[in-house]
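> coordinates for the following, if possible.
(2 chains)
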Amino acid sequence: MNNKGFEFSFGWIFSIIVGIAVLALAIFAVTSLINQERYILDTESAQQLEALLNPLQTGGESLSRPGKITFPIESQIITRCDSRGKYGENTISVGGKVSVGSQNQEQGFESRIEAHYIFSEKVMQGKEFSVLVRPFYFPYKVGDTIILWTGKYCLINPFQGIRDNLEGLNASGIRIVDDVRMCGADEKKVCFGTDSGVGSSFCNIEVNGDDEKGSVKKNSRRVYYESGLVYAAIFSDVDNYECNVKRLALRAKSLADTYSRKAQLVSAQSGDACGSSLVGLMDNYALNLEINGSRELSTARILAKQIEEVQEPLLCSLWRSGE
Amino acid sequence: MMNNKGQIKIQEMAFVLMAIFVFFALVGLMFISYRVSNLREGSEVIKEDATKELLKNIANTPELSWAGCSNCIDLDKAVVLNGNGSSEEQYAGLFGLNYMKIERIYPKREDGECILGAYPRCSELTLVDTKEVKGTSSSAFVALCKWDGELNTEVCELGRVIASGSGLNEN
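Below is the predicted model of the structure:
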């Protein structure tokens, strides 16, 4: 008869409790470290993405440069836009997909961009992202619009200018067709013109107008474009587009002030031949650039054309005309 | 006697566990300090790359671009931006830099900051100076062009842009 049984001494209890505590601490430390490493990686990705976007700027030329940004793992890019402040800003953050499970991890540190105008959906997910860069002239160069998208787009019967531009550039993820039936099920359908013969129920995005000005309707909301902003209007989220248009207007306003003061400086040195006639026009133009949305772009566009007509014959041109 | 032996064993075990804990804590600390120094280096490299890329394109930014040629800086516009010398922080975010200076190298000019009253008898323009700690600076030679009111023509001279990148933006 053995009545002794299993003796659970204080030594055992002590070692089990301390062992569990040490193990828990170790697991906690490793988990925090892994999360921290991922956060660092995502922040680096966002910074590298910002650095990548810098050389994508166009020079003085009006050409677009399509490109591709590929991440090593499926990633999520979140872009935000804020039109407050002197120039407003875009913020961009990147989050890589966790290999275990399908949940996306927390985004890395946001990278702030004041000089660029990133037109895209608010949240994009994928491994490959396409980029198209277009300079925005209004009437002088205001900045470069960086259009970022992922996934496939099917452009049905686009305007001739857009067709020529995109066919020449061979932009990835974009297919140009003449009939909606030629579009794939996984493609976003972009219909051009009211007479495209395509029922609007088939279209994800509707474009009305021409290459230079018009409107784009998506998700039952309409935005307006001028001067080559058509690509931005098609590929961008509505709120993001409106915000970036306001940012472009802020920059154009600041530049109008710079050109007005440059005109004063140059005309003081060389007399009436150079730019003095532009001073008043530029000041008036700057006032008209205080816009609240893309709908007001057309009014500013009329003034921009007037200014361009005055500037063109000047001996000392204040800026290089675009397109 | 038995009790004493047990107590000693417990103490031994406690010391071993403490030693293991301290050992792992030290290893962890070393790893973290190694990662932080690596991260700092990485951040500096990214900033430096970004500054170099920016320098390549600085002449094409609308605020500084010259109408006559690409990669030429419009000196008149730069002077207007420099204003009365108080605009040193407002373009920091736009250019993504915490320091930017344009130097007029050849022909040699009188020393001094190019502000509206002193221009064109001046030698440098400090467009951005956030007074923060400056990282590694990069420089690039550029053509500085302006309209010459006396000759009624465009003239260009040799200049240099010196810049250092801003740090990771704080939220």
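> ok, A:Leu315 to A:Arg261 distance?
According to C-beta to C-beta, to the nearest Å, A:Leu315 and A:Arg261 sit 19 Å apart. Every C-beta, even on glycine, is put in place using the N, C-alpha and C of the backbone.
> so where do the strands sit in chain A?
Using DSSP state E, the strands assigned to chain A run over residues A:67-82, A:89-96, A:111-113, A:117-119, A:123-137, A:141-149, A:153-156, A:174-177, A:188-192, A:205-209, A:213-218, A:221-226.
> so what does the first one touch, helix or strand wise?
In this structure, strand A:67-82 makes packing contacts with helix A:10-53, strand A:89-96, strand A:123-137, helix A:238-270, judged by 3 or more C-beta pairs under 8 Å, 6 or more residues apart in numbering or on different chains; DSSP states H and E.
> out of the ones you listed, which gets nearest to chain B?
Comparing the helices and strands packed on strand A:67-82 against chain B with C-beta to the nearest C-beta, the closest turns out to be helix A:238-270 (2.9 Å).
> any buried residues in that closest one, and which?
A:238, A:240-267, A:269-270 (16 or more other C-beta atoms under 10 Å in any protein chain shown).
> what do you get for stretch A:73-81?
Buried, per 16+ other C-beta under 10 Å, within stretch A:73-81: A:75-81.
> then stretch B:13-23?
Neighbour counts over stretch B:13-23 (16+ other C-beta under 10 Å) mark B:Leu17 as buried.
> same question, stretch B:23-35
For stretch B:23-35, it's none, nothing buried (16+ other C-beta under 10 Å).
> and the contacts of that stretch?
A:26, A:29, A:33, A:37, A:40 (C-beta atoms under 8 Å, 6 or more residues apart in numbering or on different chains).
> the residue in chain B that chain A sits nearest to: what's it in contact with?
The nearest approach of chain B to chain A comes at B:Gly149, 2.9 Å away (C-beta to the nearest C-beta). Neighbouring residues of B:Gly149 by C-beta under 8 Å, 6+ apart: A:266, A:268-271, A:274.
> what does the pLDDT read for it?
Model confidence at B:Gly149, expressed as pLDDT, equals 78.
> most neighbours among the contacts of stretch B:23-35, which one?
Among those, A:Ile40 has the most neighbours (other C-beta atoms under 10 Å in any protein chain shown), with 17 neighbours.
> which of the contacts of B:Gly149 lies closest to B:Gln7?
Within these, the smallest distance to B:Gln7 is 93.6 Å, found for A:Val266 (C-beta to C-beta).
> what's near enough to touch the closest one?
A:274-275, A:316, A:318, B:76, B:147, B:149.
> quick one: which of these sit in helices?
B:Asp76 (DSSP state H).
> filter the contacts of A:Val266 down to the buried ones, ChimeraX style.
Selection of buried members from the contacts of A:Val266 for ChimeraX, criterion 16+ other C-beta under 10 Å:
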select /A:274,275,316,318 /B:76,147,149
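> closest to A:Glu290 among the contacts of A:Val266?
A:Leu318 (21.6 Å).
> longest helix in chain B, by number of residues?
helix B:2-57.
> after that one comes which helix or strand?
strand B:72-74 (DSSP states H and E).
> in that next one, which residues are buried?
So strand B:72-74, judged by 16+ other C-beta under 10 Å, has buried residues B:72-74.
> and B:Asn4, what does it touch?
Neighbour list for B:Asn4: empty [criterion: C-beta under 8 Å, 6+ apart].
> what's the distance between it and B:Gln11?
With distances taken as C-beta to C-beta, B:Asn4 is found 11 Å from B:Gln11.
> now A:Ile147
For A:Ile147, the distance to B:Gln11 equals 70 Å [C-beta to C-beta].
> who has more neighbours out of the two?
A:Ile147 (24 against 10).
> looks like A:Ile156 contacts A:Glu187 (just checking).
No - using C-beta atoms under 8 Å, A:Ile156 is not in contact with A:Glu187; the gap is 10.1 Å.
> between those two, which is the more surrounded one?
Neighbours per residue (other C-beta under 10 Å) separate A:Ile156 from A:Glu187, with A:Ile156 holding more: 25 against 18.
> separation between the more buried one and A:Phe192?
For A:Ile156, the distance to A:Phe192 - C-beta to C-beta - is 7 Å.
> got it, and B:Ile46?
Relative to A:Phe192, and taking C-beta to C-beta, B:Ile46 is found at 41 Å.
> more neighbours: which of the two?
A:Phe192 (24 against 18).
> near chain A, from the buried residues of strand B:72-74?
B:Asp74 (C-beta under 8 Å from any C-beta of the partner chain).
> now the longest helix of chain B: average pLDDT?
79.
> run the chain-centre distance for it.
30 Å (C-alpha atoms, centre = their mean, to the nearest Å).
> got a list of what A:Val230 touches?
A:162, A:207, A:209, A:211, A:214, A:216.
> ok, now which ones touch the nearest residue to the third one once chain neighbours are set aside?
What sits nearest to A:Gly209 in space, not counting adjacent residues and going by C-beta to C-beta, 6 or more residues apart in numbering or on different chains, is A:Ser215, at 6.0 Å. The contact partners of A:Ser215, taken as C-beta under 8 Å, 6+ apart, are A:207-209, A:222-225, A:233.
> between those, which sits nearest A:Lys141?
Distance ranking of these against A:Lys141, using C-beta to C-beta, places A:Tyr225 first at 17.3 Å.
> can you tell me how far the closest one is from A:Phe235?
Distance from A:Tyr225 to A:Phe235, counting by C-beta to C-beta: 12 Å.
> with A:Ala252 instead?
For A:Ala252, the distance to A:Phe235 equals 21 Å [C-beta to C-beta].
> quick one: pLDDT of the most centrally placed residue in chain A?
By C-alpha atoms, centre = their mean, the mean C-alpha position of chain A lies nearest to A:Ile118, the distance being 1.9 Å. The model reports A:Ile118 with a pLDDT of 92.
> for the residue nearest to it when sequence neighbours are not counted, grab the count of nearby residues.
Spatial nearest neighbour of A:Ile118, excluding adjacent residues (C-beta to C-beta, 6+ apart): A:Asn90 at 4.6 Å. Applying other C-beta under 10 Å, we find 26 residues neighbouring A:Asn90.
> wait, what's in contact with A:Ile162?
By C-beta under 8 Å, 6+ apart, the neighbours of A:Ile162 are A:155, A:192, A:211, A:230-231.
> I'm done for today, thanks for sticking with me.
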